[in-house]
Structures are given as C-alpha cells and as structure tokens.
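In: Quick one, structure for this:
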Amino acid sequence: MSIHWRSSAAAFEQILGRHGVVAGACTMEAAWAAFEEFVQLPVEGIEGPENDGDGFIVEWGVWDWSKNRPALSLGRLLAVNDADDGDDVDDRHDPYWQPQYWKVEFLACFTEAPALVHPRISEGGDSGFDHAAIGGPRAAALEATRRFIVQDPLLSEMWESVPADIAVTLDRAG
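Out: As a prediction, this is how the structure comes out:
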C-alpha cells in the first residue's frame, strides 16, 4: 500500500489512532510505534531515494509553535516533485529546478517539568536527517535513533513523560 504525499498527514493520524495515540492519552512509545509504521509506507509524488526524496528526523526544543514548552517532534521530510502551488514554475529541465520540501510532523508538547527545563532541551537539537531506504535499512536507522533517544538522560526523561498536547501537521519546509 502506498499513499500520496498530500494525504500523508491523514494517513499518519489514522495510524496514530490505531496505536491509541490521542490527545490526553499518549505515550511516546505508542507514538514511536505509529511513526515507525508510518515512515515505512511508500509515498507517491516524491523524489526517489537517489535524490533523498524521503527521510525522517527527530527534533527537540522549546519553540514559539510549541507555546514555549519543551517539545519532541517526529518528522518525515518529503521532496515533492508533483506539487502544484499555482506558480506555473515546474520545469524539471531547468538546471536550477528543485523539488518542494514538505514535512509531516507529530509534535508532542510537555509541561515544564523540572527535568525538562534544561538549557540543552531549550536550545534544541535533532537526530539529523536519515534517508535510509524503506524496509530493513529504514528499520535499522529507526532503531538506532530510538536507542539514541532513550540512552540520553534528558531525552529519555521527555520520552517517558506524557505529552500535554499533540498535533500532526503537513507543512512546507524551508
């Protein structure tokens, strides 16, 4: 089964629901299980793996869009090659042509527990983008990222906390 990039956020929300991830009753373990399933789905309308068309990233920080609360983001970055944004500039033969980048994001915001109010969390960070191929390579990359999170004392504190707020979005990235 594959999904079109425009319906990727809705597909992710359905997967999250199947894993029991709803506002007020969410564990990061359940959210991660849903994320692992979601990022293994093939997506239509994006660049191929040779052009880093599909990747994932985990980010943490305190941002204005998280209402200045500690937050953990599970994101899938898609290099969209069939976007029609009305600008009539989609000439793939142009040497300067670039795909549009869109991000499907699960954002978990936490209350400001003492352990989460730490300069390293406030300053933010990320796991780096991983563009491993869907299947075994992506499963291995996801497991390595999860190990990194749960082995880091501050991130594991966030991981074990219950989010106060969650949201799924599909927005144009950069």
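In: make it CA atoms for all contacts and neighbour counts henceforth
Out: Will do.
In: Okay, now the unreliable bits of this protein?
Out: 83-92, 113-116, 174 (pLDDT under 70).
In: redo that, cut-off 80
Out: Along the chain, the model assigns pLDDT under 80 to residues 82-97, 112-122, 174.
In: need the strands for the protein, in chain order.
Out: With strands called from DSSP state E, the chain shows them at 3-4, 43-44, 54-62, 70-80, 100-109, 125-126, 165-172.
In: How many residues are close by residue 74?
Out: 21 (other C-alpha atoms under 10 Å).
In: That one and residue 81: what is the separation?
Out: Distance, residue 74 to residue 81, using C-alpha to C-alpha, to the nearest Å: 22 Å.
In: repeat for residue 46
Out: 5 Å.
In: Kindly report the same for residue 139.
Out: 25 Å.
In: more crowded one of residue 46 and residue 81?
Out: Between residue 46 and residue 81, counting by other C-alpha under 10 Å, residue 46 is the more crowded of the two (23 against 19).
In: Now the residue positioned nearest the centre of the chain. Nearest residue, chain neighbours left out?
Out: In the chain, the centroid-proximal residue (C-alpha atoms, centre = their mean) is residue 75; its distance is 0.9 Å. Once flanking residues are discounted, residue 75 sits nearest to residue 105: 4.3 Å by C-alpha to C-alpha, 6 or more residues apart in numbering.
In: and that neighbour, how many neighbours?
Out: Using other C-alpha under 10 Å, residue 105 is surrounded by 22 other residues.
In: Isn't it up against residue 172?
Out: No - counting by C-alpha atoms under 8 Å, residue 105 stays clear of residue 172, with 10.8 Å between them.
In: any idea how far residue 162 lies from residue 51?
Out: For residue 162, the distance to residue 51 - C-alpha to C-alpha - is 36 Å.
In: For the residue nearest to the centre of the chain, list the residues it contacts.
Out: Going by C-alpha atoms under 8 Å, 6 or more residues apart in numbering, residue 75 touches 56-59, 103-106.
In: most neighbours, which of these?
Out: residue 104 (26 neighbours).
In: Surely that one touches residue 76?
Out: Yes - using C-alpha under 8 Å, residue 104 is in contact with residue 76, at 5.2 Å.
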